[in-house]
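> Below are the sequence and a predicted model for it; my questions follow.
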Amino acid sequence: MLVTFDIIIAHLEASLARHADNKALSAAVTYSWYALDKYYRLTDDSPVYTAALLLHPCYRKHHLDGTWRREWINLAVDNVRAWWSKEYAHLEVDECSEAKPMEDASFFEKQRALTKRRQRISNEFDAFNQQTPIDTANPIAWWLEDTQQRTFPRLSHGHHCALSASHEC
């Protein structure tokens, strides 16, 4: 939803510039912008909207960096990070399932790999958002893949709540 709002805003900005000499059309575009802004601001009431964007493999924080003002980004990301910390960061994870790719490894090797992984991704939310966005047709299916389940066990648990804001976890 936020991506669509951002596209509409870019269109309105371009329309204002293109029709600067037409007072009636400029007024209509400005009025449309105010109407859109009313609904855009409502998304500030819940971090779920921004979380859906940040957890989308195609967008992540990269989208915000390219379209939003820095002060908006910091506040929105901080709100989602606080929500993440409260609701998901401390979820217990099945450690055996994290070690699946090393089926032939010794217990020691599995534990050493698990320790390294935990050190590398101590905060899944930030680690995910620092990665380069990737193209995927179905973000929910992407999150349900084994690779994401193992790499981001807590984040992949909470992704479906943010990507489908109308459902409860």
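Now that the structure is in, tell me what you want to look at. Numbering: from 1, shown residues only.
> drop to CA atoms for contacts and neighbour counts, all remaining ones
OK.
> what comes up buried for the longest helix anywhere in the chain?
Counting residues, the longest helix found in the chain (DSSP state H) is helix 23-42. By neighbour count on 16 or more other CA atoms under 10 Å, the buried set for helix 23-42 is Ser26, Val29, Thr30.
> Beyond it, next helix or strand please.
Downstream of helix 23-42, the first helix or strand assigned by DSSP states H and E is helix 48-54.
> now the helices for the chain?
Under DSSP H, the chain gives helices at 2-18, 23-42, 48-54, 60-67, 70-87, 95-98, 107-120, 124-130, 139-144, 146-151, 153-163.
> What is the second one packed up against?
Counting by 3 or more CA pairs under 8 Å, 6 or more residues apart in numbering; DSSP states H and E, the packing neighbours recorded for helix 23-42 are helix 2-18.
> so how far is the helix it packs on from its chain's centroid?
21 Å (CA atoms, centre = their mean, to the nearest Å).
> Helix or strand, whichever it is, which one in this structure has the lowest mean pLDDT?
Lowest by mean pLDDT, DSSP states H and E among the helices and strands of the chain is helix 95-98, with a mean of 49.
> Next, count neighbours for Ala51.
By other CA atoms under 10 Å, 26 other residues sit near Ala51.
> where does this structure have low pLDDT?
For the chain, applying pLDDT under 70 flags the ranges 94-102, 114-122, 158-169.
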